[in-house]
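Novice: The sequence and its predicted three-dimensional model are supplied below.
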Amino acid sequence: MQHGHSQQEVERRIGDPPGRGLLRDIVYGGIDGSVTTFAIVAGVAGAGLSPFVIVALGIANVLADGFSMAAGNFLGTKAELDDAKRLRAVEKQHLKAHPEGERREIREILRLKGLEGEVLEAATDAIAAKEEAAIQLMLEGEYGLAGVDPHPQRAAVATFLAFLGAGLVPLLPFLFGLEDAFRISAVLTGVTFFVIGAMKAKWSLDPWWRSGLETLAIGGVAAGIAYGVGSLFNVG
C-alpha cells in the first residue's frame, strides 16, 4: 500500500491511525452468513423437504444467527475495550505509586526498540515526564495493545449487515421460485465464498485467487457435510 510521506501527510496519518477498521468484521460476518445459511439449505434440500421450509428456516437463520453473531462480536469487542481501559487505569496508578519502577519499564521498552546510551536515557526521561505518553507506551510495549481503541457498536453493525447480505444469497433462487433452485443456490454461494475469500487477501501476502479458492474449499466442505447429513433423513 502506497501513501504520501510529506510532513503534513505523516502527521495526519500518525496522529489519527485507522486501527483495525471494519474489514475483519465484514469478512467474519460474510463468511459465516453464507456458510451457515447454505448449510441449512443443503441440509434441508438433502432431506427432500419443500422450498417453503428452506426459505422459512433460512430467513430464521439469517435474522437470529446474524443477530447472535453481532451481539457476540459486540460483547467480545467491548471486552477488549474494557480490558484496555482497566490496564490504562492500572498503569496510571503504577506511575504514581512506583515511578522508578515504571521508569525502568519505559527504559526497557525503548531499549528493545533500538535506543541506547544518552539517547535512551533522554527519551526515557522525556516519556516518563508525560503521563499519557508513558501509559500509551506501556500499553503497547508491556501488554501488546494497539494504540487505537476498537468500536463495539460499529463492529456489531458491520458483522450483522455482512451476515445478512451474504446469508440471503443462498435463499434467492428459492425466494424467486426458480427451477433447479438448489443448483443455482450452490453456484451463487460458491461465488460468494470466492469473493469473500478474495477480499480477505487484503490481509495476506497470498494472491487473491488463492485466498478465494481457500475460502471456497472451506465453505464447500461445510455445505457438503450438511447436505450429507440431510440426505440421511430424506423423506422422499
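Specialist: Cool, the structure landed.
Novice: only C-alpha atoms for contact and neighbour calcs from this point on.
Specialist: Fine.
Novice: Scan the protein for its longest helix.
Specialist: For the chain, the helix with the greatest residue count under DSSP state H is helix 51-97.
Novice: low-scoring stretches of the protein, by residue?
Specialist: 1-2, 15-21, 234-236 (pLDDT under 70).
Novice: Okay, strands next: where are they in it?
Specialist: Under the criterion DSSP state E, the chain contains no strands.
Novice: in stretch 152-171, what counts as buried?
Specialist: Neighbour counts over stretch 152-171 (16 or more other CA atoms under 10 Å) mark 152-164, 166-171 as buried.
Novice: Helices of the chain, residue ranges please.
Specialist: Counting by DSSP H, the helices of the chain are 7-15, 23-46, 51-97, 99-112, 117-128, 131-143, 152-168, 172-175, 181-200, 208-231.
Novice: Excluding its own residues, what touches the fourth one? List them.
Specialist: So that's helix 99-112. Residues from elsewhere that reach helix 99-112, judged by CA atoms under 8 Å, 6 or more residues apart in numbering: 94-95, 120-121, 123-125, 127-128, 134, 137-138, 141-142.
Novice: so can I have JSON lines of those residues showing neighbour count and distance to Val53?
Specialist: Output for the contacts of helix 99-112, formatted as JSON lines (neighbours: other CA atoms under 10 Å; distance: CA to CA, whole Å):
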{"residue": "His94", "neighbour count": "15", "distance to Val53": "60"}
{"residue": "Leu95", "neighbour count": "18", "distance to Val53": "62"}
{"residue": "Leu120", "neighbour count": "18", "distance to Val53": "68"}
{"residue": "Glu121", "neighbour count": "14", "distance to Val53": "71"}
{"residue": "Ala123", "neighbour count": "16", "distance to Val53": "67"}
{"residue": "Thr124", "neighbour count": "22", "distance to Val53": "66"}
{"residue": "Asp125", "neighbour count": "14", "distance to Val53": "69"}
{"residue": "Ile127", "neighbour count": "18", "distance to Val53": "64"}
{"residue": "Ala128", "neighbour count": "23", "distance to Val53": "65"}
{"residue": "Ala134", "neighbour count": "21", "distance to Val53": "59"}
{"residue": "Leu137", "neighbour count": "21", "distance to Val53": "56"}
{"residue": "Met138", "neighbour count": "20", "distance to Val53": "55"}
{"residue": "Gly141", "neighbour count": "18", "distance to Val53": "54"}
{"residue": "Glu142", "neighbour count": "14", "distance to Val53": "53"}
